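1. Turn this into a structure:
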Amino acid sequence: MESGRRRTLERAWERWRQGSTPDTDVRPEILSSWQRSAEQVIDAVDAAPLADEGETRSRFEDSPLSAAVNRLEGALRSAAEDGDLVVAVTDPQTRILWTYGGRVMRNAAEEVNFVAGGRWDEGSVGTNALNLALRNDRVSTVFAAEHYAPIVHSWVCWAAPVHDPVTGVQLGVLDLSTTWDRGHPIGAATAQALARLLETAIPPSGSPAADGALSAGLHLRLLGAVEVHLDGARLLLTRRQCEILALLALHSGGLSLGELHAHVYGDERVSTSTLKSEVSHLRSALGGRLASRPYRLDLPVTSDVEAVRAAVRRGDARAAVDAYGGDLVPGTRSPHLTELAEYLAVAVRECLLGNPDPSAVLAYSEVVPDAEVVQRALEALDDERHPARAQLMARLAAAR
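-> Just a heads-up that it's a prediction; the model follows:
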């Protein structure tokens, strides 16, 4: 199956390079990257450019990622050796700061400068998972000829961004790479798990709150992924604690024990003592700022859910899409959160149907492949030569 996919992508890449119409076998985000790469990358690129060795070493030593990598180096090396992989950690400009290759990939990585100091930004080597993960701020996979440069057409790469646990700012990316025939369905999930592990290994002294990037109070990202920051510091909570926190944040007036139990568990046979225990642990994580009778948060709270709601009320499709990262608390079994997730999805979709701004629709279609929304945006374009038309056509084909 993978060999057939590889051949299909090779043919699509060749046709695109010869100037043919964008191929529906190519994902829109890959096609967009190819188009950007073609304007910057020389056709004969045979290896990534190398930055100065001393400068790269200094940059790594000054990065909060250095301490995290040192703490987890044994685990990262084992992952590389056990999976016949090369593991790489970069800075925010996609310069590799640290890497380790297993037996199979070590020489292959050295041949193309997938080593410390290698510059793997889109402008240097074209489409690759490391750059896409940083650009889109989410885990990315690039398989075989989805890469722009033929030097890595035999590779598959999975990359996930690594964030400062205090400010949420991107520090770089963690990448796992191997040959396409050694690809595995859990590659992307493994990269994301290792990236999260790196984040937890960053010492507080290595990641001070930069310029007050996050103010005092509770800041919640609940759409597409869950991140919790309290007074600038990132909290690592269980899924259930995140669900309870989300419910309390969305009910500023508070919830009684019975209401909270119903919102969290629905018809599940779970005792109220279990819920009380969960709330107690959450209260401790919040430094006691969770009141009782009713349960409510006793501090300022902001969330991306409120940002989406406000944008929808204004009819601002672009702002709604920018704030909408996907499903509310992904994977939740809370009936109340599931219902609210459906409401938000419909609200953003209807906002776009009423105001199909091309840039907003393109951003939305990266998260939700909705043919009707893309079709509406195409119909609203007056200019046949509008720069968004080709990308919208590709997204429409992919959605169908």
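2. which residues of the stretch 251-400 of the chain score low on pLDDT?
-> For the stretch 251-400 of the chain, the stretches with pLDDT under 70 are 382-387, 400.
3. how does it look with 90?
-> 252, 267, 287, 292-293, 306-307, 310-311, 313-326, 330-331, 355-400 (pLDDT under 90).
4. Helices of that one, start to end?
-> Here the stretch 251-400 of the chain has its helices, by DSSP state H, counting those that start in this stretch, at 257-265, 272-285, 304-314, 317-323, 335-354, 358-367, 371-380, 389-399.
5. Reformat those as TSV; add distance to residue 216 and mean neighbour count.
-> In short, each C-beta sits where N, CA and C put it, glycine included. Converted to TSV, the helices of the stretch 251-400 of the chain look like this (distance: least, Cβ to Cβ, whole Å; neighbours: other Cβ atoms under 10 Å):
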stretch	distance to residue 216	mean neighbour count
helix 257-265	25	18
helix 272-285	16	15
helix 304-314	17	17
helix 317-323	21	21
helix 335-354	26	18
helix 358-367	30	20
helix 371-380	38	18
helix 389-399	40	19
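6. With respect to residue 116, which of those lies nearest?
-> helix 358-367 (31.3 Å; Cβ to Cβ).
7. what angle separates that closest one from helix 371-380?
-> 160 degrees (axes from the mean of the first three to the mean of the last three Cα atoms, to 10 degrees).
8. if we can go back for a sec, and of the helices of the stretch 251-400 of the chain, who's closest to residue 235?
-> Using Cβ to Cβ, those put helix 272-285 closest to residue 235, at 5.7 Å.
9. Could you check the angle that closest one makes with helix 257-265?
-> Helix 272-285 runs at 90 degrees relative to helix 257-265, counting by the same axes, to 10 degrees.
10. Now for residue 150, how many residues are close by?
-> Neighbourhood size, residue 150 [other Cβ atoms under 10 Å]: 16.
11. tell me the SS of the nearest residue to residue 175 once chain neighbours are set aside?
-> Nearest non-adjacent residue to residue 175, counting by Cβ to Cβ, 6 or more residues apart in numbering: residue 159, 4.1 Å away. Following DSSP: H, G, I helix; E, B strand; the rest coil, the label given to residue 159 is strand.
12. Tell me the pLDDT of residue 136.
-> Note on residue 136: pLDDT of 89.
13. all strands for this structure, in order.
-> 86-90, 96-101, 140-143, 155-163, 170-179, 218-221, 227-230, 233-235, 290-291, 296-297, 301-303 (DSSP state E).
14. of all those strands, which lies closest to residue 66?
-> Once the strands of the chain are compared by Cβ to Cβ, strand 96-101 is nearest, at 7.8 Å.
15. What is that closest one packed up against?
-> Secondary-structure packing of strand 96-101 (3 or more Cβ pairs under 8 Å, 6 or more residues apart in numbering; DSSP states H and E): helix 53-62, helix 64-82, strand 86-90, helix 106-111.
16. Buried residues, the second one. List them.
-> Residues of helix 64-82 classed as buried under the neighbour-count rule (16 or more other Cβ atoms under 10 Å) are 64-69, 71-72, 76, 79-81.
17. ok, residues contacting that helix?
-> 60, 85-87, 89, 91, 97-98, 100-103, 105, 162, 164, 171-172, 176, 190, 194, 197-199, 201-203, 206-207 (Cβ atoms under 8 Å, 6 or more residues apart in numbering).
18. can you give me the angle that helix makes with strand 96-101?
-> Taking the same axes, to 10 degrees, one finds that helix 64-82 is oriented at 20 degrees with respect to strand 96-101.
19. now swap in the third one and tell me
-> What separates the directions of strand 86-90 and strand 96-101 is an angle of 170 degrees, with the same axes, to 10 degrees.
20. Run me through the strand neighbours of strand 86-90, direction for each.
-> Using DSSP bridges, the strands paired with strand 86-90 in its sheet are strand 96-101 (antiparallel), strand 170-179 (antiparallel).
21. Make TSV from these and add distance to residue 152 and mean pLDDT to it.
-> Listed next are the strands paired with strand 86-90 as TSV, based on distance: least, Cβ to Cβ, whole Å; pLDDT from 0 to 100:
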stretch	distance to residue 152	mean pLDDT
strand 96-101	14	96
strand 170-179	8	94
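22. okay, those, which one's buried deepest?
-> Across the strands paired with strand 86-90, averaging neighbours per residue (mean count of other Cβ atoms under 10 Å) puts strand 170-179 on top, at a mean of 25.
23. Which residues are in contact with the closest residue to residue 364 other than its chain neighbours?
-> Spatial nearest neighbour of residue 364, excluding adjacent residues (Cβ to Cβ, 6+ apart): residue 321 at 4.7 Å. Residues counted as contacts of residue 321 (Cβ under 8 Å, 6+ apart) are 348, 352, 360, 363-364.
24. at 7 Å what do you get?
-> Contact analysis of residue 321 by Cβ atoms under 7 Å, 6 or more residues apart in numbering lists 348, 360, 363-364.
25. and of those residues, the nearest to residue 53?
-> Comparing the contacts of residue 321 against residue 53 with Cβ to Cβ places residue 363 closest, at 38.6 Å.
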